[in-house]
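**Student:** structure, please.
(one chain, ligands or ions: 1)
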Amino acid sequence: MKQIMLYCRAGFESETGAEFAALAEKYENWGYVRASKDTGFAIYETYQQEDAAALAQVPIRSLIFARQLVYGDTINFDPEDRVGPILAQVAEQGPFSELRMETPDTNEGKSLNRLAKKLAVPLSKGLQKQGKLIKDNSLPVLHVCLLAGTQAFVGVSEPGRHSPFVNGIMRLRVPSAAPSRSTLKLDEALLSFFSEAELAARMTSGMKAVDLGACPGGWTYQLVRRGLFVSSVDNGPMADSLMETGQVKHFREDGFGFDPKRKPISWINRQFGNGKRLKWPENAPSEWMVCDMADKPRRVVHMVIDWFAQGNTRNAIVNLKLPMKARWEEVQTCMNILRDELQDGMVIKAKHLYHDREEITVFVGYPKLN
Ligand SMILES: C[S@@+](CC[C@H](N)C(=O)[O-])C[C@H]1O[C@@H](n2cnc3c(N)ncnc32)[C@H](O)[C@@H]1O
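**Tutor:** Numbering: from 1, shown residues only. Got it, this is the predicted structure:
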């Protein structure tokens, strides 16, 4: 197995490949990217099996653009017999915790869904017969991603490192009371950046939050439903249903100039769980700042840095819009600015979420205390 398949949103294949190639280069792991526009995936080809095996250990959460990372090979087969060659491909591998039949997240991919479903039954039976399917979450997952009627990528992903979702997609429903579909971006960010326990520690009922570029209130809705009190900043109108909760104050102001009036009175200088010494506000005016304003990514990033420098918040989730051509370059620049300007040891996470379009979502916060 010499290939790494990276699933992504259609249109982001070159960014996905470029990000992975940059990472492989850091490990002095040489290979090359094959990425065709609008296919919904990129392939990283290595020259040696050991190189691909080492790269298969990269946790999906450390990559921004890829939704899933699968280590394997592309195989071709005859329409007369698809099952035989797939089973033969994994003859020397296994056992697996499950079989995931997948197709790229494109219209062409969707047209292969029926065939993928049809193949799932004989493939599962074949694997079971060989004792290769064992309900044990510590085992790798076998992925069969159909690329055409006569071609599939067959490979594995590592438990604890992969996305637990089919196609690497967290599917969420728009709550009927949410005023906009954008609500899913913040919901997915909270659910994918943190474990349940970490989110419960970072976000609790009664906390204060600021939502910049809030209208009509999809993100505010996510904060309100989790019991937070929100200052929603936007010149547009907020949904009445949110204002009626009594948990929302609407400020018709420029989000970039918004300044919480209360300032932190004391700062704590403490060693965090990751061993770094950090200065953090004992009583930040808001525990959370979120921002979905459409503006230049670097402007948003500098605003985040300023919020932390002022001690105005302890956690931030912001959307960086990427309408430009050089999207990967812009993302790299923004991530470098954050790493350089924030205190060493801060937590920075970034992801091109399923519900993000031409944008990525970034979290910045203090690490957990011991
Ligand atoms: C994508 S929409 C936000 C959608 C919102 N997150 C939701 O879930 O309903 C972007 C919003 O940012 C607001 N906006 C853009 N620039 C702004 C600024 N400088 N200050 C305040 N709001 C701004 C726009 O008025 C618009 O309502």
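
**Student:** going by C-alpha atoms from here, please, whenever you check contacts or count neighbours.
**Tutor:** Fine.

**Student:** please export the C-alpha coordinates of the biggest helix by length in the chain as CSV.
**Tutor:** Longest helix of the chain, by residue count under DSSP state H: helix 113-129. The C-alpha coordinates for helix 113-129 follow below in CSV (Å, rounded to 0.1, in the frame of the first residue of the first chain):
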residue,chain,number,x,y,z
ASN,A,113,-24.1,5.0,-3.9
ARG,A,114,-26.6,2.3,-5.1
LEU,A,115,-23.8,0.2,-6.4
ALA,A,116,-21.8,0.7,-3.1
LYS,A,117,-24.8,-0.4,-1.1
LYS,A,118,-25.2,-3.4,-3.3
LEU,A,119,-21.6,-4.5,-2.9
ALA,A,120,-21.7,-4.0,0.9
VAL,A,121,-23.6,-7.3,1.5
PRO,A,122,-21.3,-9.8,-0.4
LEU,A,123,-18.2,-7.9,0.8
SER,A,124,-19.3,-8.1,4.5
LYS,A,125,-20.2,-11.8,4.0
GLY,A,126,-16.8,-12.5,2.4
LEU,A,127,-15.0,-10.7,5.2
GLN,A,128,-17.0,-12.4,7.9
LYS,A,129,-16.4,-15.8,6.4
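
**Student:** other residues contacting it?
**Tutor:** Contact with helix 113-129 is made by 82-83, 87, 99, 101-103, 133, 146, 149, as judged by Cα atoms under 8 Å, 6 or more residues apart in numbering.

**Student:** cool, stretch 146-156 as well?
**Tutor:** Under Cα under 8 Å, 6+ apart, the answer for stretch 146-156 is 5, 70-79, 82, 86, 89, 101-104, 109, 112, 115-116, 140-145.

**Student:** cool, and stretch 260-272?
**Tutor:** 277-285, 310-312, 367-370.

**Student:** what bridges to the nearest residue to residue 315 once chain neighbours are set aside?
**Tutor:** In space, residue 315 comes closest to residue 365 once its chain neighbours are excluded; the distance is 4.4 Å by Cα to Cα, 6 or more residues apart in numbering. Taking DSSP bridges as the rule, residue 365 bridges to residue 315, residue 347.

**Student:** mind listing what residue 365 touches?
**Tutor:** Contacts of residue 365 by Cα under 8 Å, 6+ apart are 314-316, 346-348.

**Student:** what's the distance between it and the ligand?
**Tutor:** 20 Å (Cα to the nearest ligand atom, to the nearest Å).

**Student:** likewise for residue 348?
**Tutor:** 21 Å.
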